Structure formats: structure tokens, C-alpha cells
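Enquirer: model the structure of this input:
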Amino acid sequence: MFSPDKNKMRRDTLFALGTVCFFFWLGITYFLFLQKPNSQNPSSSELQYNKNLELKIDNLNRQLKEQVKTNSLLLSKLKQLKNKDADSYVDVNNLIDLLDDPNIDINQVLRPKLVDKIKPKAPSLPSESDTSINTVKKESNEDEKNEESEEAVSESEDPDDDGDIVINNKDLQTPEKPVIPVLVFSCNRVTVNRALDLLLTYRPSKAQFPIIVTQDCGHKETKEVIEGYGDQIIYIQQPDLSDPVVPPKEKKFKGYFKIARHYGWALNQTFTEMGYDQVVIVEDDLEISPDFFEYFTATLPVLRADKSLWCVSAWNDNGKTGLIDEATPELLYRTDFFPGLGWMLTKDMWKEIMVKWPRSYWDDWMREPQHRKGRSCIRPEVSRTKTFGKIGVSNGLFYEKHLKYIVLNKQFVPFTVMDLSFLKKDNYDESFVKVVYNTPVVSVQDLKSGKVVDKKAVRVTYHTREAYKKTAKALGIMDDFKSGVPRMAYRGIVSFMHSGVRVYLAPNVNWAGYDPKWA
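Expert: Residues are numbered from 1 along each chain as shown. As a prediction, this is how the structure comes out:
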């Protein structure tokens with residue numbers, strides 16, 4: 001039997017143990033209570049987050065409803081276009097606008113057929129073009145083409161048509177597109193990725209526009225950046241990294257000798273080793289516009305068809321704000337000045353000049369009369385390239401005062417559906433020269449004082465080198481010459497904007513040609 005003292009001791013022990021357990025449980029419960037989120041009184045940050053989330057959801061729902069409404073409207077108008085009568089045609093430019101804004105009146109897209117006033121096809125290439133460039137096929141009989149179009153529509157009609165748009169395979173037939181490689185020259189700029197990223201972003205087709213990156217200098221960090229693009233590009237390296245032989249007086253211009261050597265090697269690789277028939281040349285410090293590839297695709301047939309042209313350039317030396325009409329990015333010109341900075345030439349032209357390719361200053365060499373031979377280039381009103389390369393062999397020449405202010409086009413212009421035959425010499429010389437010399441003559445003082453704001457275009461004349469330079473400086477355009485040719489001039493005429501007025505800085509109508517002594 002247990003004694004009373006032992007029973008009391010056991011009760012005391014059990015009581016103490018129970019008390020400890022109770023307080024331990026009470027502490028845990030209190031701790032858990034403190035950690036429990038207060039759902040009844042959310043913090044101000046939580047309230048703001050929930051409010052923002054609700055607003056985003058409401059905004060998304062509204063956008064979704066608007067998009068559904070827009071899509072329905074667009075679909076209904078496309079159905080109307082499908083059922084158009086045979087006496088009307090679809091205006092491609094307005095169709096593009098309709099896709100952007102379905103609220104456009106359908107009558108702006110459907111136009112009555114006229115007598116071939118507008119030709120949406122690019123000019124045909126000469127028959128002797130190489131097989132990689134295919135001419136745009138033209139129908140010999142317009143009536144036959146209309147009948148084929150009507151037959152395609154009738155064949156696609158179904159008596160059980162539920163209203164869906166039916167696309168006939170014949171409607172999808174397009175001429176084969178030319179392969180136009182882009183040759184990117186690089187050296188030691190790791191920022192080459194900035195140029196390559198834009199080229200890859202805007203490139204519509206890898207097969208049609210292979211990008212070849214050629215590197216000189218052997219710069220390791222730049223090489224690593226280029227190799228990071230893998231099979232998106234073709235990477236080649238200039239093998240001769242030795243110092244070129246430079247005349248003692250030109251030691252500080254050694255970089256220009258290396259560049260000319262690099263250009264000659266890389267162009268030979270592109271045309272001879274790889275077998276391409278044309279190439280667009282850019283450098284590692286150029287940004288491009290959204291329609292960069294469209295521009296060169298559309299102008300290639302003109303370049304090949306007109307032997308008085310020897311290049312197409314994406315650059316306008318006077319392309320600053322105020323000196324160009326940014327509202328008309330579709331404007332194109334001929335120029336006797338070789339612009340560079342994003343330009344295209346053909347294999348045939350390279351075969352001609354490669355045998356006498358210079359050891360240095362290749363761009364000025366291209367501008368010399370004995371090499372230019374009276375030929376011109378195509379150039380845009382608004383530049384399709386823009387340089388960000390402040391540091392280079394030219395040590396920032398012109399950059400701070402000029403190059404960084406050039407405007408880069410931001411709008412996509414569908415050049416390939418436009419008729420560019422006006423750029424051919426016979427057409428251009430007749431229309432452009434006539435327009436210029438029928439424009440009223442004004443003085444620089446009248447132009448700067450705003451006395452000609454009521455006129456859309458004016459002409460300012462010059463007769464001497466000094467007069468040209470003085471007028472160019474006064475009106476804000478570049479005033480220098482290369483082999484006697486003012487920048488962006490055609491037949492001595494330089495076209496630009498001033499205070500919203502089109503200005504033609506022009507010589508006499510009986511202009512006798514460029515004087516190489518004007519420098």
C-alpha cells in the first residue's frame with residue numbers, strides 16, 4: 001500500500017506537469033494567433049494592390065471587347081471586298097490603311113478601274129539578269145488577266161457558302177523574290193549587337209536576306225558578341241590583320257587603309273566566293289528603319305534596269321529635322337553624290353570597280369569623276385539608316401555637329417507595290433528638271449524672313465562655288481563638295497525644306513556640268 005505522503009507527492013507532480021503543459025499550449029496558441037493575417041483590416045498597400053489589379057482586369061476586358069468589335073467590323077468589310085464587282089479594283093495602299101483602321105469607308109478601298117493609271121508592280125528586270133533575280137511576270141493581255149481573275153472568284157464560290165472568306169491558290173501566286181544579302185562590316189565595337197538586333201527584328205525572311213557579318217581587327221570581345229547570334233547570321237573574318245603600307249605623311253590615317261582593304265576582301269567573298277548578285281552594305285554602327293528591307297527590294301529592279309544608276313543609298317546627308325518633309329517618307333530622288341551609309345550595289349558593278357579598288361579613302365574614290373562616270377544613286381527624302389558611332393577612325397568627325405541630328409524614318413512605306421519607274425533617268429530628267437525650273441525664284445533673304453510661306457516650292461539660284469557655300473550655310477544644309485558635286489545634288493540641284501517650304505538650290509537652267517575644282 002502507498003502511504004498518504006507518497007500519494008500527495010504524485011498528485012503534486014501531476015499537477016505541476018499539467019500546469020506546465022497548459023501554459024505551453026497557451027503560449028503556442030497565442031503565438032499562432034499573432035501570426036494569423038488580419039483579413040478584416042488589410043493594409044493600405046494591399047488595398048492599393050487589389051485596386052490596381054481590378055483596374056487592370058477592367059481595362060483588359062474593355063480592350064478585349066473593343067478588339068472583338070474591331071475584328072468583326074474588319075471581317076464584314078473584307079467580305080464586301082471579296083464580293084466586289086468586276087468593274088472595280090482594290091487600292092492596295094488604302095487596303096493597308098483599312099487593316100490599321102477598320103472604320104475607313106469601304107469606298108476608299110474599292111476604286112473603279114481606270115486605264116492602267118497606277119501600276120502597283122515593281123518595274124521588270126532586264127532579261128539578261130542573273131537567274132537569282134527573277135523578273136515580275138506581266139500579262140500580255142489585260143482582258144485575259146481580268147477573265148482569269150473572274151474565273152478564280154467563280155471557282156471559289158460555294159452554294160453553301162457560310163460567309164467565310166475563301167482564298168484561291170491562284171491569288172497567292174507571287175513572283176520569286178531576289179536574294180539580297182546584307183553585309184555588315186565590324187571591327188572592335190561590341191555594340192555591333194545594336195545593329196544586328198534591328199536587322200534581325202525587321203528582316204522579313206532569312207532566306208531572302210542572309211546577314212553576313214565580316215570582322216576585321218581580331219577583337220575578341222566583339223567576336224564573342226557576333227558568334228552569339230549562331231546560325232541567324234553568316235560570320236566571316238578578314239584574314240590579313242597585318243599593318244598596311246602607309247605613306248609617311250598619312251601614318252595617322254592608317255585606319256582608312258585597313259577599312260579599304262577590308263571592304264575589298266569582304267565584297268570579293270560575297271560576290272565571288274558566295275556567288276550573290278547584289279548586296280546591301282552597312283557598318284556596325286548603323287540603326288535601320290522598319291522599311292529598310294522593303295526599300296532595297298523595291299529599288300533593286302530600277303537599279304538593274306537603268307545603267308545610269310550605280311547604287312541605291314538609304315542616306316540623306318541633309319536629313320535633319322526642318323530640312324526634310326517627314327510627312328512624306330515615300331519621296332525618293334536621284335543624286336549624283338555617292339552617299340554611302342547603307343547602300344546597295346550589284347555584282348556587275350563590283351566587277352568593274354574591283355580591279356582598281358583603292359588602298360584607302362574608298363568612299364571619296366567612288367565620288368571621283370573617272371569612277372562615277374556620270375552615274376547616279378537613288379536616295380530617300382527621309383533616311384533609312386542612322387549612325388550611333390561617335391567614335392571611329394574619323395574621331396567623331398561631323399557626329400556632334402551633324403550626324404546625330406539625322407532623322408531615321410519610323411514609318412513603313414510599301415515601296416514594292418509602288419510604281420518607281422519615275423526614277424529612271426529619262427523619266428526623272430523630264431519631270432524633275434521641269435518642276436524645278438518652273439518654280440518661282442526667291443532670294444535667301446525673302447526665304448529666311450518668311451515672305452514665301454504662301455508658296456509650296458521655291459527656287460534659289462547660285463552661279464559660283466562661293467555663292468553656293470554662302471547660301472547653303474545660310475539655309476542650314478551641308479555646304480561642302482566632293483569632286484565638285486554638292487552633297488545630295490542632282491544636275492547641280494539640291495532639294496530640301498526650309499520653314500515648311502520646298503526649296504531647290506539650283507544653278508542656271510543651262511548648267512554645263514560639275515567642276516571638279518569646286519572643293
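Enquirer: what helix or strand is residue 365 on?
Expert: helix 362-366 (DSSP states H and E).
Enquirer: any idea of the mean pLDDT for that helix?
Expert: In this model, helix 362-366 carries a mean pLDDT of 97.
Enquirer: now do stretch 415-424
Expert: 97.
Enquirer: show me which parts of that stretch are buried, residue by residue.
Expert: Of the residues in stretch 415-424, 415-418, 420-421, 423-424 count as buried by neighbour count, 16 or more other C-beta atoms under 10 Å. No exception for glycine: its C-beta is placed from N, CA and C like everyone else's.
Enquirer: quick one: low-confidence parts of the protein?
Expert: The chain contains residues with pLDDT under 70 at 1-10, 33-56, 58-63, 84-89, 91-93, 110-175, 390-398.
Enquirer: now residue 516: how far from residue 107?
Expert: 56 Å (C-beta to C-beta, to the nearest Å).
Enquirer: so which of the two has more stuff around it?
Expert: More neighbours surround residue 516 than the other of residue 516 and residue 107, with 14 against 9 (other C-beta atoms under 10 Å).
Enquirer: quick check: the more buried one touching residue 372?
Expert: No: contact criterion C-beta atoms under 8 Å: residue 516 and residue 372 do not qualify, at 10.8 Å.
Enquirer: shared neighbours, those two?
Expert: Residues within reach of residue 516 and of residue 372 at once, by C-beta atoms under 8 Å, 6 or more residues apart in numbering, are residue 483.
Enquirer: not counting its neighbours along the chain, what's nearest residue 437?
Expert: residue 509 (5.0 Å; C-beta to C-beta, 6 or more residues apart in numbering).
Enquirer: which SS state does that neighbour fall under?
Expert: Of the three states, residue 509 takes coil under DSSP: H, G, I helix; E, B strand; the rest coil.
Enquirer: now do the phi/psi pair for it.
Expert: As for residue 509, its main-chain torsions (degrees, to the nearest 10) stand at phi -60, psi -30.
Enquirer: same question for residue 231.
Expert: According to degrees, to the nearest 10, residue 231 has phi -80, psi 10.
Enquirer: residues touching residue 504, list them.
Expert: Contacts of residue 504 (C-beta under 8 Å, 6+ apart): 436, 439, 457-460, 493-495.
Enquirer: scratch that, residue 276
Expert: 132, 179, 181, 270, 347.
Enquirer: can you pick out the most distant pair from these?
Expert: Greatest spacing in the contacts of residue 276, by C-beta to C-beta: 132 and 270 (13.0 Å).
Enquirer: quick one: which of the two has more around it?
Expert: Counted by other C-beta under 10 Å, residue 132 and residue 270 do not tie: residue 270 has more neighbours, with 23 against 14.
Enquirer: from residue 440, how far off is the more buried one?
Expert: Taking C-beta to C-beta, one finds residue 270 at 48 Å from residue 440.
Enquirer: residues in contact with the helix holding residue 365?
Expert: By C-beta under 8 Å, 6+ apart, helix 362-366 touches 259-260, 263, 338, 340, 353, 358, 371-372, 482-483.
Enquirer: confirm for me that residue 253 is in contact with residue 260.
Expert: No: if you go by C-beta under 8 Å, residue 253 and residue 260 don't touch, sitting 10.7 Å apart.
Enquirer: give me the common contacts of these two.
Expert: With C-beta under 8 Å, 6+ apart, residue 253 and residue 260 have common neighbours residue 360.
Enquirer: who's more crowded, these two?
Expert: Higher neighbour count among residue 253 and residue 260: residue 260, with 19 against 15, using other C-beta under 10 Å.
Enquirer: for that one, which residues are in contact?
Expert: Residue 260 touches 357-362, counting by C-beta under 8 Å, 6+ apart.
Enquirer: for PyMOL, what selects the buried ones among those?
Expert: Those of the contacts of residue 260 that count as buried under 16+ other C-beta under 10 Å are selected in PyMOL with:
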select buried, resi 357+358+360+362
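Enquirer: how about the contacts of residue 260 in CSV, adding distance to residue 75?
Expert: Output for these, formatted as CSV (distance: C-beta to C-beta, whole Å):
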residue, distance to residue 75
357, 57
358, 59
359, 62
360, 61
361, 58
362, 54
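Enquirer: and the furthest pair within the contacts of residue 260?
Expert: 357 and 361 (11.5 Å).
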